[in-house]
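Enquirer: here are the coordinates; sequence isn't available:
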């Protein structure tokens, strides 16, 4: 069992390293994490924990985790390994995101829509296309900013500002 388990992890690790290398990840940046999902025989629920190389340690850690999660353990019962997993990833350097220069501007809306705002009732509301908003853009609410990924509503009494990282910041005015 122990030999088969070691071989299983070695096979997984070799395959994972090959895949990461093919994606340009250097061996010095590869991280491999072994884990087990375990349960007591006859039980339906399982717990996942890291496997650090010794099966007896993993079983003991399982008992301790079971007590922490459920308030008891069943040390006399068989412990079953439901799955042995390997998580492999490449550590990449933190990207350098440059801050763009902000220049105050008030973009022109692409269109207007009637939108219902409770107390204000129906309001002719400007609709802006998000990719057109450059750093420094200021959009007074009520307004809608839309893109392929999202739609943002800026209610009356708020404004949206695009910062140097192209993040949209909404604040009460």
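Expert: Sure, I can see it. All values derive from a computational prediction rather than experimental measurement.

Enquirer: the strands in the protein, which residues?
Expert: Remark: strands assigned in the chain by DSSP state E are 30-40, 47-50, 79-90, 111-116, 122-129, 138-140, 143-146, 151-154, 158-162, 168-172.

Enquirer: of those strands, which is nearest residue 24?
Expert: Residue 24 lies closest to strand 79-90 among these, at 8.3 Å (Cβ to Cβ). The way it works is simple: take the backbone N, C-alpha and C, and place the C-beta from them, glycine included.

Enquirer: so the most centrally placed residue in the chain bridges to which residues?
Expert: Centroid check for the chain by Cα atoms, centre = their mean gives residue 89 as the closest residue, at 14.5 Å. Beta bridges link residue 89 to residue 31, judged by DSSP bridges.

Enquirer: contacting residues around it?
Expert: Contacts for residue 89 (Cβ atoms under 8 Å, 6 or more residues apart in numbering) come out as 20, 30, 31.

Enquirer: what stretches of this structure score poorly on pLDDT?
Expert: 1 (pLDDT under 70).

Enquirer: tell me how far the residue located most distally from the centre of the chain lies from residue 64.
Expert: Computed with Cα atoms, centre = their mean, the residue of the chain farthest from its C-alpha average is residue 76, at 39.1 Å. Residue 76 sits 16 Å away from residue 64, going by Cβ to Cβ, to the nearest Å.

Enquirer: domain assignment for the chain?
Expert: Domain assignment of the chain by automatic domain parsing yields the ranges 2-90, 111-172.

Enquirer: quick one: end-to-end distance for the first one.
Expert: Think domain 2-90. Its first and final residues considered, domain 2-90 spans 28 Å by Cα to Cα, to the nearest Å.
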